[in-house]
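Undergrad: Sharing a model prediction with you, sequence too.
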Amino acid sequence: MLNYAFEPALLQLFVPAGTEIDHFAGKAYVSLIGFEFNKTRVFGQSIPFHQSFEEVNLRFYVRRGEKRGVVFVRELVPKLAVIAVARLVYGENYACVPMSHRIERDDNRAIAEYSWGSGPDGCAISARSSGEGYIPEESSLSQFITEEYWGYAVQRHGGTMEYEVQHPKWKVTEADSAHFTGNAERYYGVDFAKALDKAPDSAFLAEGSTVTVFKGSLLP
């Protein structure tokens, strides 16, 4: 998880109706996140050859009343069937690109890297850590980033989809180093590319868990 302070005005175009940009310590954040789906099931059913795959997403943070959630600017996966389901059920902005990843662990050391695209469009994010994992403290930036239990998506024909996401609190480990490389403008546009061209304001690795994404509903 690579996290960047970002100009709120540049996010307004992406804010779904009925929500507002959430801030931490007066700053808005975007996060570039790589992770792997495992043992994936859709409506309780596994799809052959689609149970394990990578995803990289660029997201920012919103709230609706007391509910805190995320909005995905772009979600990248290597499976076309995943895109079809996500667009149909949630109206999310998915795209299909070739992807790979590697994760190495040795005692308290960990390295994670996710790569996507190829040639001049190739990109990668990576992070290294050597510390102990911990549950984020209340009112910390790592809690703000990881403890988001709602998703919001602008629908193609108008309106906002709201859906619940359940998972336990994740242990995180602060990254000793983390960076993005590649053609960010190709996937995210000029403004986001400028942010990703800098070192992240924070970065950490998070342990995975079971995650349940519920069917969404349109906001009234």
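TA: Everything's here; your move.
Undergrad: after the helix or strand of the chain with the lowest mean pLDDT comes which helix or strand?
TA: Using mean pLDDT, DSSP states H and E, helix 80-90 stands out as the lowest-scoring helix or strand of the chain, at a mean of 70. Going down the chain from helix 80-90, the next helix or strand is strand 94-96, by DSSP states H and E.
Undergrad: Can you tell me which helices and strands that following strand packs against?
TA: Judged by 3 or more CB pairs under 8 Å, 6 or more residues apart in numbering; DSSP states H and E, strand 94-96 is in contact with strand 67-77, helix 80-90. C-betas here are computed from N, CA, C, even on glycine.
Undergrad: Which strands border it, and is each parallel or antiparallel?
TA: Within its sheet, strand 94-96 is paired with strand 67-77 (parallel), according to DSSP bridges.
Undergrad: Quick check: bridge partners of the residue nearest to Arg87 when sequence neighbours are not counted?
TA: Spatial nearest neighbour of Arg87, excluding adjacent residues (CB to CB, 6 or more residues apart in numbering): Tyr94 at 6.1 Å. Beta bridges link Tyr94 to Glu75 when assigned by DSSP bridges.
Undergrad: these two touch, right, Tyr94 and Pro78?
TA: No: in this structure, Tyr94 is not within contact of Pro78 by CB atoms under 8 Å, at 11.0 Å.
Undergrad: contacting residues for Lys198?
TA: Going by CB atoms under 8 Å, 6 or more residues apart in numbering, Lys198 touches Tyr4.
Undergrad: Am I right that it sits in a strand?
TA: No: Lys198: not assigned to a strand; according to DSSP: H, G, I helix; E, B strand; the rest coil it is coil.
Undergrad: How about Ile103, nearest residue that isn't a chain neighbour?
TA: The shortest distance from Ile103 to any non-neighbouring residue, by CB to CB, 6+ apart, is to Ala112 (5.0 Å).
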